[in-house]
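In: Requesting a structural model of the entry that follows:
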Amino acid sequence: NIDAAEKQREESDKKLKETQVFPIFGDKYQDVTYVDEVLKGHVYYLVSGHGGPDPGAIGSYEGAQLCEDEYAYDVTLRLAKNLLEHGATVYLIIRDDNDGIRDDEVLHCDHDERCWPNQKIPLNQLTRLQQRVQVINELYLKHKGLGAVVQKAIVIHVDSRSTRSRVDIFFYHYPGSTKGKLFASSLHETVKGNYNKYRKGRGYGGQIKDRELYLLKYSFPTAVFIELGNIRNAEDQKRFVVPRNRQVIADWLTEGVLKKK
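Out: Model (predicted):
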């Protein structure tokens, strides 16, 4: 009836105005206000590369050391916050309780990251990847049993190449995965479109490729693997050293997720 429908609408509007506190984002960003519920019933497993005893690729910026895992984690946190605002259920598979979203250019390198929910990250690469896949798959089965509509994994890394090699953001999906390719394509087209819109004349060379990466191969959810750029190239560094640019990357990736709900 009309009264029931009106009450439901009021309750929905009230929920969208609610703010929930997520300390993992740090004091400045811990308040998350819901924007809408377009991702309600969707579960996202966000995996920032390396962490714990392995900082990943290393770069140098104005005499300071840049660690891949710190920048991948910061972008991942920003993406997680965005997805939560749209009603998604989000798991940070790699997490650091005392970092939060940071607005510094040089992010301090540490080794205290943990794997969900609070597991020590092993040094051995294969063991580390197996740990992450096991966590993702256990959570996937749990949410599948609860009736989750969509489940996806997003893995974020920073590449390392010759200092003269400049690359744009690029995407991997598992060979033969139609859903993975479609998901990667949505993210890629969104990033490309925004480059063409906001960086006219620059061009965008980021590509989509298939690759037999462990997390792509063995994770149950549809998965995509993202490389943000070359941590050793001065031009690429601007993409993730500048805090605003890290937020822009997260915003563009969110836009691509929303297009491919």
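In: residues touching residue 240, list them.
Out: When contacts are counted by CB atoms under 8 Å, 6 or more residues apart in numbering, residue 240 touches 71, 74-75, 158, 228-229, 231, 246, 249. Where C-beta positions appear, they are placed from N, C-alpha and C, glycine not excepted.
In: quick one: which of the residues you listed sit in helices?
Out: Applying DSSP state H to those, the entries found in helices are 71, 74-75, 246, 249.
In: hmm, back to that, okay, the contacts of residue 240 in JSON lines with neighbour count next?
Out: Output for the contacts of residue 240, formatted as JSON lines (neighbours: other CB atoms under 10 Å):
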{"residue": "71", "neighbour count": "29"}
{"residue": "74", "neighbour count": "26"}
{"residue": "75", "neighbour count": "25"}
{"residue": "158", "neighbour count": "29"}
{"residue": "228", "neighbour count": "25"}
{"residue": "229", "neighbour count": "25"}
{"residue": "231", "neighbour count": "27"}
{"residue": "246", "neighbour count": "25"}
{"residue": "249", "neighbour count": "24"}
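In: Closest one of those residues to residue 174?
Out: Lowest distance from residue 174 to these (CB to CB) belongs to residue 228, with 19.7 Å.
In: Quick check: that closest one touching residue 75?
Out: Yes - using CB atoms under 8 Å, residue 228 makes contact with residue 75 at a distance of 6.6 Å.
In: so what's in contact with those two at the same time?
Out: Listed as contacting both residue 228 and residue 75 by CB under 8 Å, 6+ apart are 156, 240, 249.
In: What segments of the stretch 101-250 of the chain are helices?
Out: Assigned by DSSP state H, counting those that start in this stretch, the stretch 101-250 of the chain shows helices spanning 125-145, 178-198, 214-218, 234-241, 243-259.
In: export the ones you listed to JSON lines and tack on mean pLDDT and distance to residue 118?
Out: Output for these, formatted as JSON lines (pLDDT from 0 to 100; distance: least, CB to CB, whole Å):
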{"stretch": "helix 125-145", "mean pLDDT": "98", "distance to residue 118": "11"}
{"stretch": "helix 178-198", "mean pLDDT": "95", "distance to residue 118": "29"}
{"stretch": "helix 214-218", "mean pLDDT": "98", "distance to residue 118": "20"}
{"stretch": "helix 234-241", "mean pLDDT": "94", "distance to residue 118": "27"}
{"stretch": "helix 243-259", "mean pLDDT": "97", "distance to residue 118": "25"}
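In: Could you dump the ones you listed into JSON lines with distance to residue 167 added?
Out: Shown next, in JSON lines, are those (distance: least, CB to CB, whole Å):
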{"stretch": "helix 125-145", "distance to residue 167": "22"}
{"stretch": "helix 178-198", "distance to residue 167": "13"}
{"stretch": "helix 214-218", "distance to residue 167": "19"}
{"stretch": "helix 234-241", "distance to residue 167": "7"}
{"stretch": "helix 243-259", "distance to residue 167": "14"}
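In: Can you say which of those helices is nearest to residue 29?
Out: Comparison of the helices of the stretch 101-250 of the chain against residue 29 by CB to CB identifies helix 243-259 as nearest, at 10.2 Å.
In: what's the angle between that closest one and helix 234-241?
Out: Angle of helix 243-259 versus helix 234-241, following axes from the mean of the first three to the mean of the last three CA atoms, to 10 degrees, is 70 degrees.
In: by contact count, what packs against helix 243-259?
Out: helix 68-85, helix 178-198, helix 234-241 (3 or more CB pairs under 8 Å, 6 or more residues apart in numbering; DSSP states H and E).
In: Good, we can wrap up now.
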